[in-house]
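Visitor: What would the 3D arrangement of this be:
(2 chains, ligands or ions: 2)
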Amino acid sequence: MSVLVSRRDFLKASAMLGGGMVLEFCLPVTSTAAGGAAASEVNAWIVIHPDDRVVIRIARSEMGQGTFTALAQLVAEELDCDWARVSAEFASPNEHIRRDRVWGSMSTGGSMGVRSSQDYVRRAGASAREMLVAAAAARWQVPVAECTAADGVVAHAPSGRKLRYGQLAADAARLTPPKEVTLRDPAAWKIAGKSVQRLDIPDKVLGKPVFGVDVMLPGMLHASIAQCPVFGGKVLSVDAGAAAKMRGVRKIVREESFVAVVADSWWRADEALRRVAVEWDLGGNGHASNETIAAMLREGLADRQLPQARKLGDAPAAMATAAKVVEAEYRSPYLNHATLEPQTCTAWLKPEGFLEVWTSTQNGEASMAAAAEAAGLPLEKVEVHKMMLGGGFGRRGGPQDFVRQGVAIARAMPGIPVKMMWSRAEDMQHGFYRPASMVRMRAGLDAQGNLVAMHTTIACPSILKVLMPGVLSKDGIDFTAVRSFTDMPYAVPNQQVDYAMRNGHVPVGFWRAPGQQNAFYRESFIDELATAVGRDALEYRLAMLKPGDKNRLVLEAVATAAAWGSPLPAGVHRGLAVADGFGSFTAMVAEVSVGPGGQPRVLRIVVAIDSGHVVNPDTCRAQAESNVVFGLGSILYQENNVKAGRIVESNFHDFRLPRLSEMPRVETVLVPSGGFWGGHGEPAILPLAPAVCNALFAATGQRIRSLPLKHHDLRAPV
Amino acid sequence: MLELMVNGRTYPVDVEPEMPLLWVLRDHLGLPGTKYGCGVSICGACTVHLDGEAVRSCTLPVSAVLGKQIVTIEGLSMAGLHRVQQAWIDHQVPQCGYCQTGMIMAATALLAKTAQPSDDDIDRTMTNLCRCGTYSRVRAAMHALAAGSSAPDTGKT
Ligand code: FES
Ligand code: FES
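Guide: Numbering: from 1, shown residues only, chains lettered A, B, ... in the order given. Ligands and ions are numbered 1, 2, ... in the order given. Below is the predicted model:
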């Protein structure tokens, strides 16, 4: 039983709110909880109702990337049911633990949702189908081999008899699952591989309460929190003053690292919070600034004793005999995820010692572990209800800070559910930021201009050190800080990559396509080299890629789609880049113009992606569009500056998101070559910044070696 | 007690006159379809209709809306889907969906006034922020609605 709050409680709660409207709430529908005749759980993934409705359980999170639907498509494909009768629900993390982690991984990041669970979810579908067929054969007392299943019906051709899945599910659920199943050849897919409509969209356009911030519970209170503005600081003293007496305020909660006000509406909590005087122990980082961080990175670049993340041939020796050496330094700022839904967590510590949590999380199991630890309860005594995420982009996976805070507040209010939500300023200033980094690249070219040696030094804080220290290599290499260089596809005989791990006090985290800044550095620098030797950007890259290399195939595909080399309208300029990562290969052509005042404008993006297989083409295209807009904000405007130990930006006026009017035309060419499973949530952001900046070089002759562009004067020199 | 007219019904609410409409809707009336994104009138996640106009409810004190008709996403269509919502499904506009209720409220208000908005009209009016990048599909859905249908004009595979 995973429904711990009944549907009736929710209706009661909504009646109490006075709305009198029917508020539906997305709760896991267990096999027996739904009204009418009992449904049967054929296996952990699949519940079939007598009326043939199929409920597919999803272990990964949905943040707009479409995994909720794509995974259901893969299960339904092998189950061979009627897609029109399929719905999906999130698997319960508590049940997951009690059933020995039956749903595999709940972690949702790294564009892994489909590619790292496709095998076992397809097996679950195929296994259930075979059990349904076996149940029918047993009922008819005919050999299994004479029965076939398709579109939710098992048929016995010799006798012409048929039974629907809904009539067979109860019997099938009692059978032992087959040991071996055969998965369909993707070429024969009927449901997977098709642009079916996403299952979560109807509720979202209706404004149904599906997000973490939408949770409504009987007697629920609201909380707004303030953390020390300097990372790592602690609360020294709290003077609630008049705030404690403000209307609706129930409690001022003081914890080691934050203060929260609990009230009967979020606005009242937040208004009161602004009037609470908190004295902070800044913890020694109150002097950190952009300048100290830049100095730290620069010192890293100068370090001569760095561990090598890659060594091939002898780059320094080859450099010494090269016909030409080109060197450049690039850098990037910290960046917040800025999910449109701020961090949020609702927690309810019930009198019987059971903790319930509702949250927008990229990892239900990690949320449960964080909640259990914060509450001092065993995992079995905790349930996490996974809500739809109002954006994730890596913010809501590894760090479960919001869950720990929500639970701490619930402990201060035993027996009462409290929904905590961060204000936008809190969210902007307490992120786990894309690391700021600095890179020096040196290239040795032979007499023909070919790249024969490349030596890269990277100074960058380590995300793994903060969030997954166990994954760091023994010599302290963080693969997310060195990727795109350590796995550079170009055939360069001498390569060296040195890594300077320099960790400031700013927490860093997985920001969409972690390490994506390296693709900006590498692919801009390759363009610098092509320019230095007077060669075409496409031809220069192709010459370094072996025949059959998938980077080469996507480059050729994008060059064709964008008509690389063809004349452009006056004032329009092109740039190109290629990158692989997150299991896929992506090449992009950007077309830009620069206004008379120096305003850059990205007009058109053509992107070719090879992800091996494609489960939902339309969702994959949507993800390419998403990556373009997400990346564009960081190219044009976004940065998080540090001053007096704190983040300067506080809202969307100083951390701008692009608007609809700035949206370029995006043309996505899917070129799945089969044989592997690549992701789609992140790859398309990799080549974006270099493609755009290479196009800007074509437009202005200025080489952009740092972002955002708002700091560059792109006007034509007078 | 203040009286609010929301989605065709009258609600008595006992709140401070300066409380922004957004929080009255979300926390006092149990209508969470209207979202908080910035609280300072930049993002548009909190867009509702006030006497038919799209307004940002996060900075609108409830005292300023007494006697006016407020429509939220929950009341956009009392029966089934509004045609804008249908177009949003046909074009598969939402990604995470968080900004989309505000986006839909802004789009319906624009289309009610200007049945055939130009790209320029859309650029100027649809200033809602979307972190996920649904803008091309918002534009495509609005053009389809202007042309009298909700469906995408090219068959997608
Ligand atoms: S929440 Fe009102 S405009 Fe952002
Ligand atoms: S769909 Fe996620 S913010 Fe717009």
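Visitor: Is the residue of chain A positioned farthest from its centre part of a helix or strand, or is it coil?
Guide: Distance from the C-alpha centroid of chain A, by CA atoms, centre = their mean, peaks at A:S159 (51.1 Å). Following DSSP: H, G, I helix; E, B strand; the rest coil, we place A:S159 in the coil state.
Visitor: do the same with A:F68
Guide: Classified using three-state DSSP, A:F68 is helix.
Visitor: was I right about it contacting A:D203?
Guide: No. Judged on CB atoms under 8 Å, A:F68 makes no contact with A:D203 at a distance of 11.0 Å. (C-beta placed from N, C-alpha, C; glycine too.)
Visitor: So the two - more neighbours on which side?
Guide: A:F68 (22 against 16; other CB atoms under 10 Å in any protein chain shown).
Visitor: Give me the spatial nearest neighbour of the more buried one, chain neighbours excluded.
Guide: A:E62 (3.8 Å; CB to CB, 6 or more residues apart in numbering or on different chains).
Visitor: and the residue sitting nearest the centre point of chain B, what is it in contact with?
Guide: Nearest to the mean C-alpha position of chain B, by CA atoms, centre = their mean, lies B:M105 at 1.9 Å. By CB atoms under 8 Å, 6 or more residues apart in numbering or on different chains, the contact set of B:M105 is B:T47, B:V48, B:H49, B:A54, B:V71, B:T72, B:I73, B:L76.
Visitor: 6 Å - rerun?
Guide: Contacts for B:M105 were tallied using CB atoms under 6 Å, 6 or more residues apart in numbering or on different chains; they are B:T47, B:V48, B:A54.
Visitor: Quickly name whichever of the residues you listed is closest to ligand 2.
Guide: B:T47 (12.6 Å; CB to the nearest ligand atom).
Visitor: Please list the residues of chain B that sit near chain A.
Guide: B:19, B:23, B:27, B:29-30, B:32-33, B:37-40, B:42-43, B:73-74, B:85, B:88-89, B:92, B:94-101, B:123, B:126-127, B:129, B:131-133, B:135-136, B:156-157 (CB under 6 Å from any CB of the partner chain).
Visitor: What about ligand 1: which of those residues touch it?
Guide: B:G37, B:C38, B:G39, B:I42, B:C43 (CB under 6 Å from any ligand atom).
Visitor: want to throw the residues you listed into CSV with pLDDT and secondary structure?
Guide: Shown next, in CSV, are those (pLDDT from 0 to 100; DSSP: H, G, I helix; E, B strand; the rest coil):
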residue, pLDDT, secondary structure
B:G37, 98, coil
B:C38, 98, coil
B:G39, 98, coil
B:I42, 98, coil
B:C43, 98, coil
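Visitor: where exactly do the strands run in chain B?
Guide: B:2-6, B:9-13, B:47-50, B:53-56, B:69-71 (DSSP state E).
Visitor: which of the ones you listed is buried the deepest?
Guide: Among the strands of chain B, strand B:47-50 has the highest mean neighbour count (mean count of other CB atoms under 10 Å in any protein chain shown), at a mean of 25.
Visitor: Give the burial count for A:P342, as a bare number.
Guide: 25.
Visitor: ok, now A:E41?
Guide: The number of residues near A:E41, taken as other CB under 10 Å, comes to 17.
Visitor: for B:V65, same thing?
Guide: 21.
Visitor: For it, list the residues it contacts.
Guide: B:L21, B:L50.
Visitor: How confident is the prediction for it, by pLDDT?
Guide: As predicted, B:V65 sits at a pLDDT of 97.
Visitor: Any stretches of chain B with poor pLDDT?
Guide: For chain B, residues meeting the criterion pLDDT under 70 lie at B:153-157.
Visitor: mind listing the helices for it?
Guide: B:21-23, B:83-90, B:100-113, B:119-125, B:135-146 (DSSP state H).
Visitor: To B:A64, which of these lies closest?
Guide: Closest of the helices of chain B to B:A64 is helix B:21-23, at 8.0 Å (criterion: CB to CB).
Visitor: how's chain B carved up into domains?
Guide: B:2-75, B:83-146 (automatic domain parsing).
Visitor: out of the ones you listed, deepest packed?
Guide: domain B:83-146 (a mean of 23).
Visitor: For that domain, what is the distance to the chain centroid?
Guide: 10 Å (CA atoms, centre = their mean, to the nearest Å).
Visitor: Over to stretch A:103-119?
Guide: 12 Å.
Visitor: and it, average pLDDT?
Guide: Per-residue scores along stretch A:103-119 average to 89.
Visitor: Only the buried residues of it, if you could.
Guide: A:103-104, A:106-118 (16 or more other CB atoms under 10 Å in any protein chain shown).
Visitor: Whether it contacts chain B - can you check?
Guide: No. On the criterion CB under 6 Å from any CB, stretch A:103-119 is out of touch with chain B, staying 12.4 Å away.
Visitor: Dump that stretch to PDB, restricted to CA.
Guide: Extracted C-alpha coordinates of stretch A:103-119, given in PDB (Å, rounded to 0.1, in the frame of the first residue of the first chain):
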ATOM      1  CA  TRP A 103      12.500  -0.500 -10.300                       C
ATOM      2  CA  GLY A 104      16.300  -0.100 -10.800                       C
ATOM      3  CA  SER A 105      17.600   3.400 -10.700                       C
ATOM      4  CA  MET A 106      15.500   6.400  -9.700                       C
ATOM      5  CA  SER A 107      18.200   8.900 -10.600                       C
ATOM      6  CA  THR A 108      17.300  11.200 -13.400                       C
ATOM      7  CA  GLY A 109      20.300  13.000 -14.900                       C
ATOM      8  CA  GLY A 110      23.000  12.700 -17.500                       C
ATOM      9  CA  SER A 111      20.400  12.200 -20.200                       C
ATOM     10  CA  MET A 112      20.200   8.600 -18.800                       C
ATOM     11  CA  GLY A 113      16.500   8.100 -18.300                       C
ATOM     12  CA  VAL A 114      15.900   6.100 -21.400                       C
ATOM     13  CA  ARG A 115      19.300   4.900 -22.300                       C
ATOM     14  CA  SER A 116      20.200   3.300 -18.900                       C
ATOM     15  CA  SER A 117      16.800   1.700 -18.200                       C
ATOM     16  CA  GLN A 118      15.600   0.800 -21.700                       C
ATOM     17  CA  ASP A 119      16.800  -2.800 -21.400                       C
END
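Visitor: mind listing what the residue lying closest to A:E256 once chain neighbours are set aside touches?
Guide: With sequence-adjacent residues excluded and distances taken as CB to CB, 6+ apart, A:E256 is closest to A:K234, at 5.7 Å. Residues in contact with A:K234 (CB under 6 Å, 6+ apart) are A:E256, A:S257, A:D281.
Visitor: swap in B:W23?
Guide: A:S265, A:W267.
Visitor: B:Y36 versus that one, what's the distance?
Guide: Remark: distance between B:W23 and B:Y36 (CB to CB, to the nearest Å) = 8 Å.
Visitor: what stretches of chain A score poorly on pLDDT?
Guide: Using pLDDT under 70, the flagged stretches of chain A are A:1-36, A:718.
Visitor: rerun at 90
Guide: Scanning chain A for pLDDT under 90 picks out the ranges A:1-37, A:108-116, A:241, A:398, A:466-476, A:716-718.
Visitor: and the longest helix for it?
Guide: Assignment by DSSP H; longest helix in chain A turns out to be helix A:118-140.
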